[in-house]
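Enquirer: Turn this into a model:
(2 chains)
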Number of protein chains: 2
Amino acid sequence: MPSRRRVDIVLHSIKRLQRIGATANLVKLLRKQHPADLAQVLGDLSPLERRSAFTTLLDHDSGLAMQAVAELDRDLGVTLLVDRPAEQLARLFAEIPPDDAAALIDRLPGELNASVLEFMRQRETDDVQQLLEHDDRTAGRIMNPEVFALSEDLSVGNAIKAFQESRTVEMVFYLYVIDTQGHLVGVLSLRRLLLVSAETTLKEIMTTEPIRTRADTHQEDVAREVADYNLLAIPVVDGDNKLAGVITVDDVIDVIKDEATEDMLRLAGVPADESVSTSPLEAWRKRLPWLAVNLGTAVLAALVVQRFQATIDQVVALAAFMTIVASMGGNAAIQTLTVIVRGIALGELTWGNSRRALGKEVAVGILNGVVFGLAGAGIAWSTVGNLYLGGVLALAMAINLLIAAFAGTLIPMALRALKADPALASAVFITTLTDVLGFFAFLGLATYALPYL
Amino acid sequence: MPSRRRVDIVLHSIKRLQRIGATANLVKLLRKQHPADLAQVLGDLSPLERRSAFTTLLDHDSGLAMQAVAELDRDLGVTLLVDRPAEQLARLFAEIPPDDAAALIDRLPGELNASVLEFMRQRETDDVQQLLEHDDRTAGRIMNPEVFALSEDLSVGNAIKAFQESRTVEMVFYLYVIDTQGHLVGVLSLRRLLLVSAETTLKEIMTTEPIRTRADTHQEDVAREVADYNLLAIPVVDGDNKLAGVITVDDVIDVIKDEATEDMLRLAGVPADESVSTSPLEAWRKRLPWLAVNLGTAVLAALVVQRFQATIDQVVALAAFMTIVASMGGNAAIQTLTVIVRGIALGELTWGNSRRALGKEVAVGILNGVVFGLAGAGIAWSTVGNLYLGGVLALAMAINLLIAAFAGTLIPMALRALKADPALASAVFITTLTDVLGFFAFLGLATYALPYL
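Expert: This is a model prediction of the structure:
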């Protein structure tokens, strides 16, 4: 059964059981679910139902309840936890992987955050503290510090024994091999252990110089590395090549999704952390700055139009045609911008081929300019019957489409060169540029050609 | 060393070795690289350099050359293969996993495609054919048909032996357990095998009812399943629950990236399969339809403006202000649209919470309408000094922002209900709507208020 349908059925049952107050059955149903399904269900419930279902589960199976929270949208997870005492939270956070705990604790309001960390220190669960010392969105923040590592001098027989006895998480695919000082010196697959005799030392069969990442590497680069090399996990080392943790592929998948979401939302001028579950007021507050910027830039474009008011006053048809120039430029610019931003994010667009990428976009811009310039001229001529107006529209359209190609390519590239996120070159900025320059080109040319219009 | 810098150094060396014609050294350098790095390098070279480097590598290490092609952008990969004889291609495709081979063969031009498949049939490599029988973008198309499965009656000792002897790929994490008819009945982790005695039968220790997917499931749903449940691989079964193949997490990562790329590009009105390496002419040809649509819709918006030409003729300042209404509506609509489309793609927006999502967007739209309506009124009043013009602008802005919220939410939802891709509701359509209705609202209201303007 597809998981979505399963979740819908569970959702329906939960609502029913809540309505009739059948707590025992509700608990039984909740405890049968996979944490990922529970997270989906919690996300779909109304805020009241969500809080009630979560509290019920927490009372009977705090481990499962916290695992579900770990899978939930972070902001939503925090709302379920934020009104509980710090001591309880410290106990609850110990039930989920340290990277999930760190991400949630980091989002708690200042005072609660501090006291939860204080209680965790008392409980000697300092994994989370360690993670929080690393910057947000780095390998060090998302790694699991409990990494399964063995000494290079160990025999395969003893390694298998150590593996069987280890309490660390289920998800072990690679055995990392360290020297006596804790430096990462090699890697072994579990499979490899099964294929050699028990007396062999790990040193003899390990792959040396394993692919690794440093704790301060950006999570997006880590994700690209894991994806490019088809890894299941990547070891994280500190500046001295000492093994500090491991990032598994399931965390990498989350990073890839989050970074794609962030880019998409940024391109649209939406803050990166908005999701479907963000409250209306917060969503509005967060989108407001971009729309305010857009109001400013729209006024700028309007001022350009106003500057040519005298021209429009003489040939009022210009007011209609100028919108075509702006619209075509805006959409062509969004096309180029999106291809470039996505190319940078996927690592396909590099400094090595950036000149070629610009060449491509400019070529597309010129072709667009010719085709749509002629089409625009045809439209102007056939509706107004003035060949000069057609010429002005064609030229303005061609200029604006070329500007769209240059701006759509160069702005995100420049942002990257400045080490900013290329996706910040959002639709707001790019369409302003094509609006302003489109109006300017069209109305400017029209002013010169006024005697013939 | 971060992989990007490593790739840049290799890239530089390759160009130098090609220039001085040092083929032996070039081969040595190429053969030392990881296929993923080679793919990156090939992507960064110019078309001529790429072809030359690939041919050199193919002559000396066809396996590595083909692995690199498998990691390359598909269209680019095809350009490197398309002018070779079908017999050679059939031999080469046998060197890469069947899912990669199938994806490339599917992109070969018709005649070549047929004769490659014919040669492969003669070589009895029918894995690829099997995959090609499934629809594009389904689990059956991207699975690996060579799945490691064992009978439920086998003992753990024999299972380990079978595992050691198996020739199938390195990437085995789960052992799938089948009954005598080949039905999937259970799953085991490799780790579990090591923790029990050799005489235990698999039936006793396997997890029954493993998470699985059907061959006809869309790859996006498969990816969501693997990501939600943190799986390393998912077994694929046919309609009778017979084990048909396996999809590993590395393929899932590719799916997640591709689907995110597709959504981003579609929202921008770019065909989903464009990448940085697409040729200018092809990119232009592919983006053309959307821009042509946009020309049509822009003309529509212009016709609305033209309809109110008499109004503008009397108060020419309206031409400037109408662009503000359109621009604000367009950008607010793109914000809403993007949040909704991404929410659907991530599985966060479901039928269960869609009414709440609409409510949120409408609330945001109303808040936007009030704030920016007032701001617009202030701007109009302070620049033109006419309170009525301010009122008209405020009302038109509020109406258009509300329309933006409704359209940005309902259009992608309606597309999903019609089983179409919600991302088809691209910026082109949505901005047309806000342009047309924004102009209509503003100029329409202005016409009524004309005596006071």
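
Enquirer: Touching stretch A:23-36 from outside, list them.
Expert: Outside of stretch A:23-36, the residues within contact range by CB atoms under 8 Å, 6 or more residues apart in numbering or on different chains are A:3, A:10, A:13-14, A:17-18, A:38, A:41, A:53, A:56-57, A:60-61, A:64, A:67-68, A:70-71, B:228-230. For glycine as for every other residue, the C-beta is placed from the backbone atoms N, C-alpha and C.

Enquirer: Which of these fall in helices?
Expert: Within those, residues falling in helices by DSSP state H are A:3, A:10, A:13-14, A:17-18, A:38, A:41, A:53, A:56-57, A:60, A:64, A:67-68, A:70-71, B:228.

Enquirer: I would like the residues contacting the worst-scoring helix or strand of chain A on mean pLDDT, please.
Expert: Ranking every helix and strand in chain A by mean pLDDT, DSSP states H and E puts helix A:190-194 at the bottom, with a mean of 77. With contacts defined as CB under 8 Å, 6+ apart, helix A:190-194 is touched by A:156, A:159-160, A:163, A:172-175, A:205, B:160, B:163-164, B:170, B:172, B:190-191.

Enquirer: contacting residues around residue A:312?
Expert: Neighbours of residue A:312 in contact, by CB under 8 Å, 6+ apart: A:305, A:318, A:319, A:443, B:312, B:316, B:319.

Enquirer: Report whether the strand or helix carrying residue A:337 contacts chain B.
Expert: Following DSSP states H and E, one finds residue A:337 within helix A:318-345. Yes - applying CB under 8 Å from any CB of the partner chain, one finds helix A:318-345 touching chain B at A:319-324, A:326-328, A:330-332, A:334-335, A:337-343.

Enquirer: tell me how far stretch A:350-367 is from the chain's mean position?
Expert: 26 Å (CA atoms, centre = their mean, to the nearest Å).

Enquirer: residues from the stretch 351-453 of chain A in reach of chain B?
Expert: The stretch 351-453 of chain A has residues A:351-353, A:356-357, A:359-361, A:363-364, A:367-368, A:371-372, A:375-376, A:379, A:427-428, A:431-432, A:435, A:439 near chain B, with proximity defined as CB under 8 Å from any CB.

Enquirer: are any of those buried, and which?
Expert: A:352-353, A:356-357, A:360-361, A:363-364, A:367-368, A:371-372, A:375-376, A:379, A:427-428, A:431-432, A:435, A:439 (16 or more other CB atoms under 10 Å in any protein chain shown).

Enquirer: Which residues are in contact with the residue of the stretch 351-453 of chain A found nearest chain B?
Expert: Relative to chain B, the nearest point of the stretch 351-453 of chain A is residue A:363 (3.7 Å; CB to the nearest CB). Going by CB under 8 Å, 6+ apart, residue A:363 touches B:280, B:281, B:284.

Enquirer: what do you get for residue A:254?
Expert: By CB under 8 Å, 6+ apart, residue A:254 lies in contact with residue B:227.

Enquirer: Likewise for residue A:249?
Expert: Counting by CB under 8 Å, 6+ apart, residue A:249 has contacts A:226, A:231, A:232, A:233, B:232, B:249, B:250, B:253.

Enquirer: Please apply the same query to residue A:47.
Expert: Here residue A:47 is in contact with residue A:79 (criterion: CB under 8 Å, 6+ apart).

Enquirer: remind me which residues of chain A are low pLDDT?
Expert: A:1-3, A:124-126, A:167-172, A:425 (pLDDT under 70).

Enquirer: tell me the centre residue of it?
Expert: In chain A, the centroid-proximal residue (CA atoms, centre = their mean) is residue A:259; its distance is 2.1 Å.
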